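Trainee: Sequence and predicted structure are below.
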Amino acid sequence: MTGRLNLLQPAAALAIVSAAAGLAGCASPEARYYTLSPAAEVRPATTPVPSQAPEPVWIEVAPVRVPERINRANLVLSNGSGRLRLLEQDRWPVSFPDEFRDALSQRLQVSLGAVDTYQHGRSGVASLYRVSAEVVQIDAEIDERVSAIVNWTVRRLPDGKVTVGHTRADLAAAGGVDGVVAAYQQVVINTAADISAAVRSLRS
């Protein structure tokens, strides 16, 4: 009996190794994460730093509304004809509306020298600019184009004066998923530029 067990053990070990290799081959690919947030901007070395920083612009960027079909962490492609394609491995770090809000807030803070009070609040602020945005449409085709419409509102508090606008974008998206993400980032940049202009107009 002992000799028979010794003969079976190598075969059993080989079967276990083969099964493990098969499971490894069937493992899902790792997820790839993308962001809409701008890269950190560095002050040029030749720019003098003021001895006293100016009072920041206080903004409040509300949660961004998006179509329900893209309200998820996965990238979702749409060609505008109602056909959707969900990318399993290509994702945002958080759900798309949260990613868009955070990226828009960062861009506005850089552009305006602003502080976003949305998460922390700020009491006693004389002027606060409340920003609301809605992604009405955003369609993307890999190696084709990204088109988007973003409606937005800037409300100055406490007097309630309002500026309403929208940002349209129709951008080339060559280079696979990276090209689509780059176009999405440009949508955020364009939207932030339009909103920044509205805030400056309300401040004047």
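Mentor: Received it, and whenever you're ready, just let me know what you need. Residues are numbered from 1 along each chain as shown.
Trainee: just the strands in this protein please.
Mentor: Here the chain has its strands, by DSSP state E, at 32-33, 57-61, 74-78, 84-91, 114-116, 128-140, 145-157, 161-172.
Trainee: Longest helix in this protein, by number of residues?
Mentor: helix 176-203 (DSSP state H).
Trainee: Give me the helices and strands touching that one, please.
Mentor: strand 57-61, strand 74-78, helix 96-112, strand 128-140, strand 145-157, strand 161-172 (3 or more C-beta pairs under 8 Å, 6 or more residues apart in numbering; DSSP states H and E). No exception for glycine: its C-beta is placed from N, CA and C like everyone else's.
Trainee: and with 7 Å instead?
Mentor: helix 96-112, strand 128-140, strand 145-157, strand 161-172 (3 or more C-beta pairs under 7 Å, 6 or more residues apart in numbering; DSSP states H and E).
Trainee: Turn the strands of the chain into a markdown table, columns for distance to residue 201 and mean neighbour count.
Mentor: Converted to a markdown table, those look like this (distance: least, C-beta to C-beta, whole Å; neighbours: other C-beta atoms under 10 Å):
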| stretch | distance to residue 201 | mean neighbour count |
| --- | --- | --- |
| strand 32-33 | 37 | 12 |
| strand 57-61 | 13 | 21 |
| strand 74-78 | 34 | 19 |
| strand 84-91 | 37 | 14 |
| strand 114-116 | 15 | 19 |
| strand 128-140 | 11 | 20 |
| strand 145-157 | 9 | 19 |
| strand 161-172 | 7 | 15 |
